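Asker: predicted model follows, preceded by the sequence.
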Amino acid sequence: MNKISIIVPCYNEDAALPIYYKEMCKIMAQMKEEEFELIFVDDGSTDHTLAEMKTLHEKDERCQYFSFSRNFGKEAAIYAGLKNATGEYAAIMDVDLQDPPSLLPEMYRILKEEPYDSVATRRSTRKGEPKIRSFLSKEFYNVINKISKTEIVSGARDYRLMNRKMVDAVLEMSEYNRFSKGIFGWVGFRTKWLEYENIERSAGETKWNVKKLFIYSLEGITGFSVVPLSIASYMGVLFCGLSFLMIVAIVVRTLIWGDPVAGWPSLVCILFGVGGVQLLCTGILGQYLAKTYLEVKNRPVYLLKDSSKEEQRIMMMPLSQNMRRKSYGKGKEVHSV
C-alpha cells in the first residue's frame, strides 16, 4: 500500500472546501487500496477557511491543515505542502475543482505502470475565460519559452502527481522567489502530460486578476531567464557607441561650420532618449538586484501560526509539560519552517 499526499493551497475558500472534500472522498473510495493524506494549506485567509479545515480534520484524520500567519502566496503554500508531505507520491491540486480529481486514478496508474516520474496536466481550451486574459497568457508562454532554457508547457497547470524522487528534487529548490511551473521544468525528470478542457470554479471567485498574473509572469521571466539582463547590457553598449559617434559628429560639425544656436531641440531629444533607455536598463537591473537581496537575507518561505500536527504534538506531551505549556500564555504560537 502506497501513501498519496494531496497538497491543496487555499485562500478564502470556505465555500469550496466542503465541495472539494466530498469529491475527494469519492476518489479515495475508488482508490481504497492506497492510503491518502489531504494537506490543506491556509494562505492567510480572512474568511472561515481555517475553521472549515479544522472541522474536516476533526471529522477525518486524513485531513491535515497548516495555516500561515499572513498571506505568503500560492507558491509558498505549495512549498509548505510538499515540505510536510509524507507520502511516496504527492499531488498538487486546487480546491475549486478546476483541477478535476477524477484524473487522479489515471495519473497514479501511469506512474505505477509506465516509466515516468511525474504526470502533469494542461488545459486544452480556455473556454469561459476572458479573451484578454487568454491572449496575455498565450503570449507569456511564447515569450518565456523563447528566452528561457527551461521548457514551460503552454496551458500548464500546477495540478500534477509526482513520485518521491521528484518531490525531494523540488524541495531542494528552496529559493524565496518561487515559480513552480519553472521549477518543475528545471529539475527535469520524465513527465507525461494529460489534457482536459477548462472547468468553471465549483464555488467562490478567482483570486487571480490581470495585475496579479502580470506580476506572476515577471517572477517567471526574471526567475528563469537572464535574457532581459543581457538585453540591458547590449543596449548599454549600443547607446554608448552611438553617443561616441554623436560626439564625433558634433565636434566635426563645429570645426567646419562653427557653433550655431540651432540644434538644441535635437540635443534635448537625444538626451531624453538616452536617459530613458538608461533608466529602463537600470530598472531591469533593479529587478534582479531586488531578488538577490531577498535571497541573501535567507528569509523563511512561510511562517505557520496553526496546524493539525501541532495539536497532535501537544496531545502526545506528558501531562506536566502540557500544563506548563498552557501556563505560559494563551497566545497563538508562530512556527518558522
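Answerer: Nice, I can see it.

Asker: show me this structure divided up by domain.
Answerer: Domain assignment of the chain by automatic domain parsing yields the ranges 3-210, 227-296, 304-336.

Asker: most tightly packed of those?
Answerer: The highest mean neighbour count among the domains of the chain, using mean count of other Cβ atoms under 10 Å, belongs to domain 3-210: a mean of 18. C-beta here means a position set from N, CA and C on the backbone, and glycine is covered the same way.

Asker: tell me the pLDDT at residue 309?
Answerer: pLDDT for residue 309: 69.

Asker: just residue 204 next, same as before
Answerer: 62.

Asker: and the domains of the chain: which comes nearest residue 220?
Answerer: Smallest distance to residue 220 across the domains of the chain (Cβ to Cβ): 4.4 Å, for domain 3-210.

Asker: show me where this protein has strands.
Answerer: 3-10, 35-42, 63-68, 89-92, 118-123, 156-163, 191-196, 303-307, 335-336 (DSSP state E).

Asker: can you flag the weakest of those strands by average pLDDT?
Answerer: Among these, strand 335-336 carries the lowest mean pLDDT (a mean of 40).

Asker: who wins for proximity to residue 216 among the domains of the chain?
Answerer: domain 3-210 (7.6 Å).

Asker: ok now that closest one, how far from the chain's centre?
Answerer: Relative to its parent chain, domain 3-210 has a centroid offset of 10 Å by Cα atoms, centre = their mean, to the nearest Å.

Asker: picking that back up, okay, the strands of the chain in JSON lines with distance to residue 75 next?
Answerer: Converted to JSON lines, these look like this (distance: least, Cβ to Cβ, whole Å):
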{"stretch": "strand 3-10", "distance to residue 75": "9"}
{"stretch": "strand 35-42", "distance to residue 75": "11"}
{"stretch": "strand 63-68", "distance to residue 75": "12"}
{"stretch": "strand 89-92", "distance to residue 75": "11"}
{"stretch": "strand 118-123", "distance to residue 75": "17"}
{"stretch": "strand 156-163", "distance to residue 75": "9"}
{"stretch": "strand 191-196", "distance to residue 75": "19"}
{"stretch": "strand 303-307", "distance to residue 75": "15"}
{"stretch": "strand 335-336", "distance to residue 75": "18"}
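
Asker: rewinding a little: mind putting the domains of the chain in a markdown table, distance to residue 217 included?
Answerer: What follows is the domains of the chain, written out as a markdown table (distance: least, Cβ to Cβ, whole Å):
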| stretch | distance to residue 217 |
| --- | --- |
| domain 3-210 | 5 |
| domain 227-296 | 12 |
| domain 304-336 | 29 |
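
Asker: how much space separates residue 187 from residue 123?
Answerer: Going from residue 187 to residue 123 by Cβ to Cβ, to the nearest Å gives 22 Å.

Asker: what of residue 109?
Answerer: 21 Å.

Asker: and what of residue 97?
Answerer: With the distance defined as Cβ to Cβ, residue 97 ends up 14 Å from residue 123.

Asker: any stretches of the stretch 1-150 of the chain with poor pLDDT?
Answerer: By pLDDT under 70, the low-scoring segments of the stretch 1-150 of the chain are 126, 128-130.

Asker: and the helices in the stretch 1-150 of the chain, which stretches?
Answerer: All helices of the stretch 1-150 of the chain, identified by DSSP state H, counting those that start in this stretch, fall at 16-30, 49-59, 74-84, 104-113, 131-147.

Asker: got the contact list for the last one?
Answerer: Judged by Cβ atoms under 8 Å, 6 or more residues apart in numbering, the contacts made with helix 131-147 from elsewhere in the structure are 126, 151-155, 210, 213-214, 217, 220-221, 224-225, 227-228.

Asker: and if you look at stretch 116-128?
Answerer: Defining contact as Cβ under 8 Å, 6+ apart, one finds that stretch 116-128 is touched by 99, 103, 107, 110-111, 133-134, 137, 153-157, 159-163, 165-166, 184, 189-198, 200.

Asker: what's near enough to touch residue 159?
Answerer: Residues near residue 159 by Cβ under 8 Å, 6+ apart: 91, 92, 93, 94, 99, 103, 120, 121.

Asker: hmm, 6 Å instead?
Answerer: Taking Cβ atoms under 6 Å, 6 or more residues apart in numbering, we find residue 159 in contact with 93, 99, 121.

Asker: centroid residue for the protein?
Answerer: residue 75 (3.5 Å; Cα atoms, centre = their mean).

Asker: now that residue: how far from residue 37?
Answerer: 21 Å.
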